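*Asks:* next one to model:
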Amino acid sequence: VRFPLLALGLASLVAGVWAGLLRFGWGLPAGRANLIELHGPLLVFGFLGTVISLERAVALRRSWGYLAPAGTLLGTGLLFAGIRQGAGELVLLLAGCVLVALFVVILRIHATAATTTLMLGALLWIAGDALWLHGDPLVQVVPWWAGFLVLTIVGARLELAALGRLTRAGRL
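*Replies:* Residues are numbered from 1 along each chain as shown. This next block holds a predicted model:
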């Protein structure tokens, strides 16, 4: 299951980069009229949301955890197909909820500052997507998505720092 999900996540990366190049004004075929506006969701959810949630589902070894990466791909697929009645946004919101549930289970097993930070990032995903589903403009939604990405990076760095056995001052 994980390899097809990863392959589709990589396809989202390619589509998101293509959309970004179109946004820059490169003379590439658009393929879809709405591809440029999907640049952010394709990269944030279709690629990064997929690989981040897939990593946690694999690590936790819970079959229900794969609903998160499957949901990110289904949600971005609905957006890519042009279905704009909130279906894609709702599926992405649910995928974020599954990711938070994964972090809750992880925190029960091994509570760390890194995992707490990662879960806070996933909560920002949900908040931003809820605003998007509500119809708020992307300019108000993107900071929440950026917060998800920033806290995910910080949480991952904290995990790596724990492997290096930093002093308390180093962790701070």
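
*Asks:* end-to-end on stretch 79-90?
*Replies:* 11 Å (C-alpha to C-alpha, to the nearest Å).

*Asks:* got it, and stretch 130-143?
*Replies:* Using C-alpha to C-alpha, the span of stretch 130-143 from its first residue to its last is 13 Å.

*Asks:* next, the buried residues of that stretch.
*Replies:* A130, L131, W132, L133, V141 (16 or more other C-beta atoms under 10 Å). In short, each C-beta sits where N, CA and C put it, glycine included.

*Asks:* ok, the spatially closest residue to L90 that is not a sequence neighbour - contacts?
*Replies:* Closest residue to L90 apart from its sequence neighbours, by C-beta to C-beta, 6 or more residues apart in numbering: L133 at 6.0 Å. Counting by C-beta atoms under 8 Å, 6 or more residues apart in numbering, L133 makes contact with G86, E89, L90, L93.

*Asks:* okay if I get those residues as TSV plus secondary structure and pLDDT?
*Replies:* Formatted as TSV, those follow (DSSP: H, G, I helix; E, B strand; the rest coil; pLDDT from 0 to 100):
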residue	secondary structure	pLDDT
G86	coil	87
E89	helix	90
L90	helix	94
L93	helix	95
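
*Asks:* closest one of those to A68?
*Replies:* L93 (11.5 Å; C-beta to C-beta).

*Asks:* state the distance from the residue nearest to that closest one when sequence neighbours are not counted to R56.
*Replies:* Computed as C-beta to C-beta, 6+ apart, the closest residue to L93 that is not its neighbour in sequence is D129, at 4.5 Å. Applying C-beta to C-beta, to the nearest Å, the value for D129 to R56 is 18 Å.

*Asks:* looking at those two, which one has more neighbours?
*Replies:* Taking D129 and R56 together and counting by other C-beta atoms under 10 Å, D129 has the greater number of neighbours (29 against 22).

*Asks:* distance of that one relative to V58?
*Replies:* Applying C-beta to C-beta to D129 and V58 gives a distance of 23 Å.

*Asks:* now swap in L107 and tell me
*Replies:* L107 is 18 Å from V58, where distance means C-beta to C-beta.

*Asks:* residues contacting G121?
*Replies:* Each residue near G121 by C-beta under 8 Å, 6+ apart is listed here: G147, F148, L149, V150, L151, T152, V154, G155.
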